[in-house]
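Chemist: below is the sequence, then the predicted model.
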Amino acid sequence: MSHPPPRLAAAFLRWSLPESLRDDALDDLADGHALRLTRLGRRAADRWYRRQVPLFALRLRFALLTGGPLAAPPIRQPALTGSERMTTILADVRYGARGMVRNPMFTLIAVLTLALGIGANAAIFSVVRSVLLRPLPFPEPERLVQVWESRVDRGWTQSSFTHANFWDVNEMNRTFSALGAITWGSINLAGRDAPERLGVAYVTTGFFRALGVTPVVGRTLVEGEDRVGADARIAVLSHRLWTSQFNADKSIVGQTITLGGLGYRVIGVLPAGTPWLDAGDVFMPLVRGPDEDRDSFELSVIGRLAPGATIETATSDLERIARQLAGQYPGVKGMGVTIRSSEEWVASDALRRALWVLMAAVGFLLLIACVNLANMLLARSTGRIRERALRSALGATRGRVVQTAVAESLLLGVLGAVVGLAIAFGVVRLMRAFDPGDIPRLADVSIDGTVLAVTLGAALLTSIVTGLAPALRTPYHDIVAALREGERSVVGNRHTVGLRGALVSVEVALSLILLVGAGLLIRSFGAILDVDRGFQTDNRVMFSVSLPDARDTADVRRMSALRTDIQSRIAALPQVRGVAAVSMGLLRGTGTGMGFAAQDKPAPPSDAVPWAGWRMITPGYFRTIGVPLVAGRDFTNDDLIGRPWRVIISERVAQRLWPSENAVGRRIILWKGQSENVAEVIGVAGDMRDWDLADSPTLAVYMPFNGGGMSTANYVVHTTSAPTTLIPLVRSIMREVSPTTPVAGVRTLDTLVGESVASRRFTMLLLASLAGVAVLLALAGVYGVLSYSVSRRRTEIGMRMALGASASSVLRLVLSQGMRPVVIGLVVGVAGAFALSRYMTSLLFGVTPVDAPTYAGVVALLTIAAILACYLPARDAMRVDVLTAIREE
Amino acid sequence: MTRSALGEFEHHVLLALVRLGGRSRGAAIVLELETATARSVSPAAVFVALRRLEQRGFAKSSKREPRPGEGGRGSREFQITAAGKAKLAESRRTFERLWRGSDPLAEPL
């Protein structure tokens, strides 16, 4: 039997209690009333109720007075349904968007900060992906390897194969399903408009089988086409040549094309791709000769491991063959093999290292961007603490408040990703435009699905993390205090100021590390350009001319005469001060070499024979390229190679063989350990870094061009002014002298030097721009935190000044506050740079990773920049008007 | 509001929550205390104590939805928290330490 509590008493209670407690109190008393109703009857229950009502009212009032509010925690919301949740998310997104529009400057800076970090990451990641991560364009690339000879007796760990050794290994191995060899040459194609110089790759039949290439049209080489006596006049076209010279015409297969004056039958066309497929313009069979030698190391060898074979088993298999050959042939003593995985085919070690350094750098940049954004959001969130507290008090759950905050930063993240991708597209285009030429697949780099996904993932993660941190710092435990004191209570919040300072330290440290990396590369670049090259570059131009191959002595004589003719016709041009030819182009990083020794000294042990590059030159080469002839004489047109053997050696060779003695007139053994020709030294020339600027000056032996069968000559012309007008004249001379011979590779020597350091410049510029952006972000962080704290401390500063503090002491106060996190960041950054820069050692030239001037310069630069960033807020602080500041209080 | 020790009455209320187990309404707690102490207990005192305990994290409350057909509002129910149990255990150990060894009541003062 139910009966309600006395109505009047209940009304009194309702009136007397604060609203937040009213319902609960009425409930409790109604419960008690109901219990007593059944046990004691209606009168007793009503009496009890009437007595409790004033007690309740008094007791609660007293409790509120003495112990603070009795407010129940926010009412727990029932779980939202999916669509309700969606509605709240949309509402939060709208709310976030309104906030962004209301505060456009904040939004702009936040989005740009994120976009810079994300854009740089997307761009570099797309390069890394294309160059390092994308698999080779061959089936089962993990089975592909490169095989080198090693020669313990000569101290070589990785050398090209000799022809005979390759053929033996090719036949005797049990661990490869295919081995292939490749070597290079060149040949002239009549061409559509003008004769063109083609690169020829001579390959064995195993080469295409090892790679597993399917031709676009026709076929590649088949078994037997590299045997003695096979038809060598067949050609497989590269995709590039097929499209550029033959209009991608499929009917070219089966037709005969004229190369170097002879007809070759086209049997197929290769697909496009890197590596190997672009190793030559045209691929021809490398035919096994009847009597191959074991002295010239010419063949690059690749292989496809047999199923189940590993690099280890293949190595022991080939070592077994090497031991057998070494027992059979005295010239093969000390032979071994080195097998390397195909990972290195696309990118050299230096390039891989450079790309990983760049990837780390953009990672740092993104971290700095995140830190900066977190800093900005933190600054804003302290300003909005009241808003969050109010929402909590109105019943918003903690989850909802966090959801709102995260929705805002997600919105920033998505915008940042969109702008960042736009930046990435721009950077990728820029990189392609500045292609240094030796980064493989750079032309294929694109922002594809994976890059997009990774970028968006990074952006979302970034924004959630940076949005969560400030949201979680809202004080839920003490909403009333937050409401009462509002923003003022958190101004001096040591935690927030401390956290923001720590974030600034992190930014400074990271940007210092990036700056040190960039600084080291910049100094390396300067060092490499300042290095003593030995040769002169100004007003000099180089080009190469390849005459048809000589087949007999009459051809050789004709070729020498032709070269002399070309040289004298060019020399007769009015603006030419000198002209000469050399067999090896400058700064290619590859070339011809041989062992050498002095005839009149004890022979060195075979593994200590020094190695020199040899070049053939025409008379006047040293004068033309600006290298002094230190002793002896130059060649004349009458000097012929090998008749008798006469050579000019570089100073370092002379030093090596006859230290502080006169080298001229001495006898030098050429091709030591091979053909061992004895030559008379007729001159000593200055040293040059003509191989690679980063190497020490080359040990070089020069021989006369005349009398040799070398078909390619690189002409150097020294002109009286800029050599631009020269090339058309050279072309018309060539048309008169030899109409089918192309003029190729025209470069000024300045350009050649520039191209040889292009990839260094590329890495340096990229890292320097990343470091620059990082420093800007870090400075923005320093400025932001300090100006915020100064604006919050206006009253305090005003008070100090009113009490007699001088402007300089206020300045000191503000500066020391602003610089403290910077100094901490510098210390941490220097330690980090010390630890990390050694990973860059292989990219450096002429500086060590702990180069003191770089560190000092970077620290000084950052310090000055940070002081400038502190100056504006400090100036504001000194201008605080005492009266206004105090009145605000 | 940083008292750490439980007041005597708070102590009683917490113990009542333990004895009742699960969620309990204010009136049930009042009844339990009256039964155990054989004294009349003020619902207002229990009301305040429960909320102070909740603010200190020793109890938690939830609003129970009205049962079907019951109508009206749901009522608030209280439950002891892990922290509350730990607090009770702690105060029990304190008492036991104080009682241990000699029985202070054995000798007349």
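Modeler: Received it, and whenever you're ready, just let me know what you need.
Chemist: could you break chain A into its assigned domains?
Modeler: A:7-67, A:141-345, A:349-529+A:759-888, A:548-740 (automatic domain parsing).
Chemist: mind putting these in JSON lines, distance to residue B:52 and mean neighbour count included?
Modeler: C-beta here means a position set from N, CA and C on the backbone, and glycine is covered the same way. Shown next, in JSON lines, are the domains of chain A (distance: least, C-beta to C-beta, whole Å; neighbours: other C-beta atoms under 10 Å in any protein chain shown):
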{"stretch": "domain A:7-67", "distance to residue B:52": "7", "mean neighbour count": "16"}
{"stretch": "domain A:141-345", "distance to residue B:52": "69", "mean neighbour count": "18"}
{"stretch": "domain A:349-529+A:759-888", "distance to residue B:52": "15", "mean neighbour count": "19"}
{"stretch": "domain A:548-740", "distance to residue B:52": "77", "mean neighbour count": "18"}
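Chemist: out of these, the one nearest chain B is which?
Modeler: Of all the domains of chain A, domain A:7-67 sits nearest to chain B, with 3.3 Å by C-beta to the nearest C-beta.
Chemist: that closest one near chain B at all?
Modeler: Yes: residues of domain A:7-67 contacting chain B under C-beta under 8 Å from any C-beta of the partner chain: A:23-25, A:27-29, A:31-32, A:34-35, A:52, A:55-56, A:58-60, A:63, A:67.
Chemist: which of the domains of chain A has the lowest mean pLDDT?
Modeler: Taking the mean pLDDT of each of the domains of chain A, the lowest value is held by domain A:349-529+A:759-888, a mean of 79.
Chemist: need the residues that contact stretch A:840-852.
Modeler: By C-beta atoms under 8 Å, 6 or more residues apart in numbering or on different chains, the list of residues contacting stretch A:840-852 from outside reads A:349-350, A:353-354, A:357, A:517, A:519-521, A:523-525, A:527-528, A:531, A:694, A:760, A:763, A:834, A:837-838, A:854.
Chemist: tell me the helices and strands packed up against the longest strand along chain A.
Modeler: If you go by DSSP state E, chain A has its longest strand at strand A:176-189. Contacts defined by 3 or more C-beta pairs under 8 Å, 6 or more residues apart in numbering or on different chains; DSSP states H and E place strand A:176-189 against helix A:163-172, strand A:196-203, helix A:205-211, strand A:256-259, strand A:297-305.
Chemist: and the second one, what other elements does it pack with?
Modeler: Same thing as strand A:196-203. Using 3+ C-beta pairs under 8 Å, 6+ apart: strand A:196-203 touches strand A:176-189, strand A:282-285, strand A:743-748.
Chemist: reformat these as JSON lines; add distance to residue A:151.
Modeler: Output for the helices and strands packed on strand A:196-203, formatted as JSON lines (distance: least, C-beta to C-beta, whole Å):
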{"stretch": "strand A:176-189", "distance to residue A:151": "18"}
{"stretch": "strand A:282-285", "distance to residue A:151": "28"}
{"stretch": "strand A:743-748", "distance to residue A:151": "33"}
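Chemist: mind checking which of the ones you listed is nearest residue A:329?
Modeler: Residue A:329 lies closest to strand A:176-189 among the helices and strands packed on strand A:196-203, at 18.6 Å (C-beta to C-beta).
Chemist: which other residues reach the helix or strand harbouring residue A:92?
Modeler: Using DSSP states H and E, residue A:92 falls within helix A:82-102. By C-beta under 8 Å, 6+ apart, the list of residues contacting helix A:82-102 from outside reads A:80, A:106-107, A:400, A:403-404, A:407-408, A:410-412.
Chemist: farthest pair within these?
Modeler: Using C-beta to C-beta, the two most remote members of the contacts of helix A:82-102 are A:80 and A:106, lying 30.2 Å apart.
Chemist: these two: which has the busier surroundings?
Modeler: residue A:106 (16 against 13; other C-beta atoms under 10 Å in any protein chain shown).
Chemist: report pLDDT for the more buried one.
Modeler: pLDDT at residue A:106 comes out at 79.
Chemist: can I assume it sits in a helix?
Modeler: Yes: checked against DSSP: H, G, I helix; E, B strand; the rest coil, residue A:106 lies within a helix.
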